[in-house]
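Undergrad: Dropping the sequence and predicted coords here.
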Amino acid sequence: MKPLAGALVLLAAVVLAWRAAPSWHQRHLDDATGRPGTKRVSCLHCHRRVPVPPAFDGKPRPGPRYLDPEGLAVSPDGRLLFVAAEGADRLLEVDLAKAGVSRSVDIGGRPHGVALSADGRLLAVSSRDLDKVVLLDAATLAVKREVATAAEPLGVALSADGRALFAAQGAADSVLCVRLKSSDPPLHVVAGREPYALALSRDGRVLVAANRMPSPARTRDVPSSELTVVDAGQGRVADRRRLPSATLSEGVAVAADGSFALVPVLRVRNLIPTVDVARGGLMNSALAFVDLRPGGRTVQFPLDEVNAFFADPAGVALAPDGKTAFVAHGGADVVTAVDVAALRHLAASLKPAELDALQDDLGAGERYVLARIPTRSNPRAMALSPDGRRLYVSERLADSIAVIDAPGLRLLDRISLGGPETLTAERRGARRFHDGTATFQGQFSCRSCHPEGHVDALTWDFEIDGLGKEIFDPISLRGIRDTAPFKWTGKNPTLARQCGPRFSRVLMRADPFPPDQLADLVAYIESIPLLPRRLHELSAEAVERGREIFFRKRTNLGREIPKKDRCSTCHPPPLYTNRMSADVGTDGSFDAPHLSGIRYSAPYLHDDRAASIEEIWTLHNSSDTHGVSNDMNKTQLNDLVIFLRSL
Amino acid sequence: MAVFVGPRRTTLLLAWPFLMAGGVRAEGPAQDPFFTSWETIGAAQGLPSNKVLSVLADGPRVWAGTDQGVALLEGGKVRRVWGAAEGLTAPVAISLAADPRTGDLWIGTMGGLARLSAGRLDLFTQLDSGLANDVVYGVAVDGTDVWSATTGGISRYDTRTGSWDIFDNTNSIMHEPWCYAAAADSGAIYFAVWGGGLLVREKSAGRFRQHRDPDGEFELDMFRDDGLIHDITTSVAFSDGVLWGGTYFGLSRFDGRRWMSYTKDDSGLVGNFINFLRTKGDAVWIATDEGIGRFDSKVWHAWRTKKDGPGHEVVVTDAQGVKRSVLTETGLACNEVYSVDLDGRGDAWVATAAGLSHGFARAPAGKKGPDKRMKGGR
């Protein structure tokens, strides 16, 4: 009898548990989120061990260390090429006669930009994650000095005499100007958003900075980026030129006399629905010609052609005689050669209305495009030999340098930098991510909206549910590995779904990625690290006060805050997202985004309606639907913002 | 109703030798600090408005903040204006500060803090940034830090990192958050706090200390020179080791060891209701609702429009308290003065409720001016 009774009791328990579990599960979910009727998720959705998201923290990353060559500089005698190997944290010296790396030196922190003094004796290399520029003796590669910078130094420039150093400080929106022989504190002149590349005129008087991101604007305004013109002698901004509809300016060249500048840009039309992909009108590559003289014109000359696009313009080089310019297209594996005299003639002779029309004329290139020179994967930075006869192009995702006969407009040679031979899934995925050929007529790549896996600070009108309805900004891909589901609506449970056939139909307008390529792409996206947290820039006391506010359970008046209205309910650590959707009063229910690295991803909310972190609550939370915040005073809100900036 | 005129000579009505006997010290590049020749620049000359709330001389450039925008003057002429139409959406410009190294202009307004950099305007408000409050009565630049004295406390904006800090009565020794003025020096940042005296941020230690009125809430200065004359401070300035505090009840001076207080009744102070202070060398310029004053710790000067008749006057009070008055044909646009500064030539620029008054250190070239008379007087 006893075994039978035991079996009956066990059966009864199972039945009871079976019947009770759903309701218990639902109650548990409702209790955890504070929202009745929370959509069911598995236990592992919350109760799992989450690894720390990858980050650029100065530590070596696992797996093969690809070199990822970026900035280049050629020695005055044309015998040596210096290469910033961002992936290997090193500066490489290439003996051009032997076509190979002769020496290298550890820089750390992802070296990005390289500059050489006119006499070839002083090298400057930016370390973008360690916030410094390393000055080296070019002959010995010995470190002579380190210059502290603001966040994320990228492009660098040295005056001809090597006495002044300039650095584009991408995450600080400023340009550093330092007199190396002076005890004066460095100058930080305000630039546009994310200054990326610098160029100094040969006479050393004009410094121009290309800014990668569009300048802050109201949501759904026509975006524009800035070309910042600095009086290099005084370290003061002399002019700010607006480049309408232009973003992702990652290169700049300036005429020897400082009379004009050339800036490759991505010309975007994000205010029209994405249906225009089929018509080639969503985004185009262009070369902005900026006449720097007072009252000078700015014209964006298209680099694409009808039915043939060359995605993601990046670096630019201008021949010493000023007659030919070269633009690297990172998403098309091509270098375009441009007749600068033709650009100048058109800019000076056409009427304003004619210039407006020309900027949208994909047939205009035949008037100034000289050649298309193929490269390997992801050409980025470029440098010309002093005599202008050789053009060197960093092929970032091939770990090589293309050598181009500049007058002959043809590929001469290729120098391998000695990166790993094996191609990991992540590496293959990186190439796929940066390759524009997967989209209709090669118009854009994943990277066009997610530069370096990040955001483009634009909103796009996806016509999936009708025109003018789904207006979203691209979510940063940094550190999203464990934050499924994806998409602002949280509809895609995996990145493979997000990037799969549906996406190819609605946006890329091309064949979907084959399964193996899709797997590679997902592997790469999951590996995109977060930027450094830069806690030293924040008041530790304010961070702690903000942390208390973030995790608070009671208002200033002592009233208990409902669970659903606490910050930490929807944004719990370590990912700072509960990976569920909630309606926070912004016209719909949206997936709670993770907050890691939020300081770098303005503007905020699904449609960029909040220009700053503050505006999330000051302008868009009048009814406490996005957490209880209206009891806070300004000081508390500032502490909360500082805490969020520390994540 | 003020009459806006171009530069013109002033007729000196009283003898200059008599005036010079007061032992007035020379100041800046000009030999004559008496400013008897004035012009007024207003809306008719291109200012956005006649109500000028702030003024700042930055090398050859003069910035004037009005209730309808900011104007840039060069060579005494209005060159460019930034108002609401030009993007200064909060156009009531009540304080100005220039970054001496980058050339950027910081504008404290009734609707936030604005930065004018090479023609680009950036506005920071309490809604979109860490600005403590939109009413920015005072702004000061210290290296890469921009300090704002607001009605909701003090904000520090680190232009190098883009981060903001707020200091108020909840997280500092500040008596209450309403702040009126900020001034930067190599060692400290100074703030005038309504009802809270003067607040000093020691840069090396990163902490605050304060100077309060030992008499507390009394509106009488019970014990003269025992400390700050009153807790309701409106302005602060620091130069050559001397801290000046302006209040609604007089002026205080602190040299690091000893306090001195001055009122209209017991000194040459032009008025007790002080709106603004500016130090130039060893002299302090005092903007009040009764005119503009200058004090070099020995001699007082007061410029004001006569209340009891036409014309203007300069009153000089020497170290012994002897007063002498000079009548001038031109002078301030009105006695309600909000701010003052001196440009590189030594000319005075005075923000008044009826226009921007420009006092010539020397009479316009080629014209018979008071400075020639002064030389003759010597």
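TA: Here it is on my side, so go on. Residues are numbered from 1 along each chain as shown, chains lettered A, B, ... in the order given.

Undergrad: Could you pull out the helices in the stretch 251-400 of chain A for me?
TA: Taking DSSP state H, counting those that start in this stretch as the criterion, the stretch 251-400 of chain A carries its helices at A:340-349, A:352-359.

Undergrad: So what touches the last one?
TA: Counting by C-beta atoms under 8 Å, 6 or more residues apart in numbering or on different chains, the neighbours of helix A:352-359 from elsewhere in the structure are A:R267, A:A286, A:R297, A:V299, A:Q300, A:F301, A:P302, A:L346, A:A347, A:L350, A:A364. From N, CA and C alone the C-beta is placed, and that goes for glycine too.

Undergrad: pretty sure A:V641 contacts A:E615?
TA: No. Using C-beta atoms under 8 Å as the test, A:V641 is too far from A:E615 to be in contact (10.4 Å).

Undergrad: Run through the residues of the stretch 151-300 of chain B sitting next to chain A.
TA: B:152-153, B:158-166, B:168, B:170-171 (C-beta under 8 Å from any C-beta of the partner chain).

Undergrad: max-length helix in chain A?
TA: helix A:2-33 (DSSP state H).

Undergrad: thinking again about what came up before, please tabulate the contacts of helix A:352-359 in CSV, including the columns distance to B:G331 and neighbour count.
TA: Listed next are the contacts of helix A:352-359 as CSV, based on distance: C-beta to C-beta, whole Å; neighbours: other C-beta atoms under 10 Å in any protein chain shown:
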residue, distance to B:G331, neighbour count
A:R267, 58, 24
A:A286, 59, 26
A:R297, 49, 15
A:V299, 54, 21
A:Q300, 55, 24
A:F301, 59, 26
A:P302, 63, 23
A:L346, 59, 20
A:A347, 54, 19
A:L350, 56, 15
A:A364, 64, 19
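
Undergrad: Select from these every entry located in strands.
TA: Mapping those onto strands (DSSP state E) picks out A:R267, A:A286, A:V299, A:Q300, A:F301, A:P302.

Undergrad: Residue ranges of each domain in chain A, please.
TA: Domains of chain A are assigned by automatic domain parsing as A:69-425, A:426-527, A:533-647.

Undergrad: what is the rounded mean pLDDT of the second one?
TA: Same thing as domain A:426-527. For domain A:426-527, the mean pLDDT works out to 89.

Undergrad: Out of the domains of chain A, which gets nearest to B:R61?
TA: Judged by C-beta to C-beta, the one of the domains of chain A that comes nearest to B:R61 is domain A:69-425, at 12.5 Å.

Undergrad: burial measure for A:R279, as a count.
TA: Using other C-beta atoms under 10 Å in any protein chain shown, A:R279 has 9 neighbouring residues.

Undergrad: How much space separates it from chain B?
TA: Using C-beta to the nearest C-beta, to the nearest Å, A:R279 is found at 35 Å from chain B.

Undergrad: In this structure A:S539 contacts B:D165, no?
TA: Yes. Look at A:S539 against B:D165 with C-beta under 8 Å: they come within range, at 5.8 Å.

Undergrad: Next up, phi/psi of the residue nearest to B:T151 when sequence neighbours are not counted, please.
TA: Excluding the flanking residues, the one nearest B:T151 by C-beta to C-beta, 6 or more residues apart in numbering or on different chains is B:V135, at 4.3 Å. Torsion angles at B:V135 (phi, psi; degrees, to the nearest 10) stand at phi -90, psi 100.

Undergrad: quick revisit: of the contacts of helix A:352-359, just say which sits nearest to chain B.
TA: Proximity of the contacts of helix A:352-359 to chain B (C-beta to the nearest C-beta) peaks at A:R297, which lies at 17.3 Å.

Undergrad: shaky segments in the stretch 101-250 of chain B?
TA: B:217-219 (pLDDT under 70).

Undergrad: Report the buried residues of the helix or strand of chain A with the lowest mean pLDDT.
TA: Comparing helices and strands within chain A by mean pLDDT, DSSP states H and E singles out helix A:501-503 as the least confident, with a mean of 78. Residues of helix A:501-503 classed as buried by neighbour count (16 or more other C-beta atoms under 10 Å in any protein chain shown): A:F503.

Undergrad: Enumerate the positions of the next helix or strand after that helix that are buried.
TA: Next in sequence after helix A:501-503, counting helices and strands by DSSP states H and E, comes helix A:515-527. For helix A:515-527, burial by neighbour count (16+ other C-beta under 10 Å) applies to A:Q517, A:L518, A:A519, A:D520, A:L521, A:V522, A:A523, A:Y524, A:I525, A:E526, A:S527.

Undergrad: mind listing what A:S174 touches?
TA: Contacts of A:S174 (C-beta under 8 Å, 6+ apart): A:A150, A:H188, A:V189, A:V190, A:A191, A:P195, B:T159, B:R160.
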